[in-house]
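# Return atomic coordinates for the entry below.
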Amino acid sequence: MLQFKKYTTYIFVIFCMICVSSCKILRSKSPENSPAKENIYTMKIISTARNYKGVPYKSGGNDEKGLDCSGLLCLSFKEIGIKLPRVSWQQAEYFPAINLPNIQKGDLVFFVTVGKNISHAGIVTEVKSEDEISFIHASSSKGVIEDNMMTNYWKSRFAKVCRPKYADLAKQ
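All right, here's what the predicted structure looks like:
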């Protein structure tokens, strides 16, 4: 019996450590970095971009009369009070890059369609599988549309995926 009492203290301490380490309150993030807040921003950005579906392509376009890819991103982010650089290669440097397997809704995707530098951008609208990732962009031939970025055309031109950090941007 004396030996059992010796170990009950250790067992009790281990049990308490497990309970404390699994407590959600202690592990929760600050409200400004919470996934719920990011989802609100993501939904607003995607919704705004989708409102421009069918708008014709216009190089340098920045309104409902005509848009280019970076203009679409600028307008979508403007809706939540964030000012992005106006050209796609600068937008690609604005947010931290992530690995493609971690892609999710609201991420920004960048492509090399002309020359050797980033020249096209879009917003991920849905991730169904590793072979079906939808993004919205301003196509030079079809205007603002949603496409699967995992087609041979887009995969061969893929350059980078970036994730907006809304908590940092809201402080601007």
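# Roughly how far does Lys83 sit from Tyr94?
Counting by C-beta to C-beta, to the nearest Å, the gap from Lys83 to Tyr94 is 10 Å. Just so you know, the C-beta spots here come from the backbone N, C-alpha and C atoms, and that holds for glycine as well.
# And for Leu100?
For Leu100, the distance to Tyr94 - C-beta to C-beta - is 18 Å.
# and what of Gly106?
On the measure of C-beta to C-beta, Gly106 and Tyr94 end up 14 Å apart.
# higher neighbour count, those two?
Gly106 (19 against 16; other C-beta atoms under 10 Å).
# Name the nearest residue to that one, ignoring sequence neighbours.
Thr42 (3.3 Å; C-beta to C-beta, 6 or more residues apart in numbering).
# Just want the most central residue of the chain.
With distances taken as C-alpha atoms, centre = their mean, the residue of the chain nearest its centroid is Asp107 (2.1 Å).
# wait, that residue sits on Met149?
No: the criterion here is C-beta atoms under 8 Å, and Asp107 misses it with Met149 at 10.5 Å.
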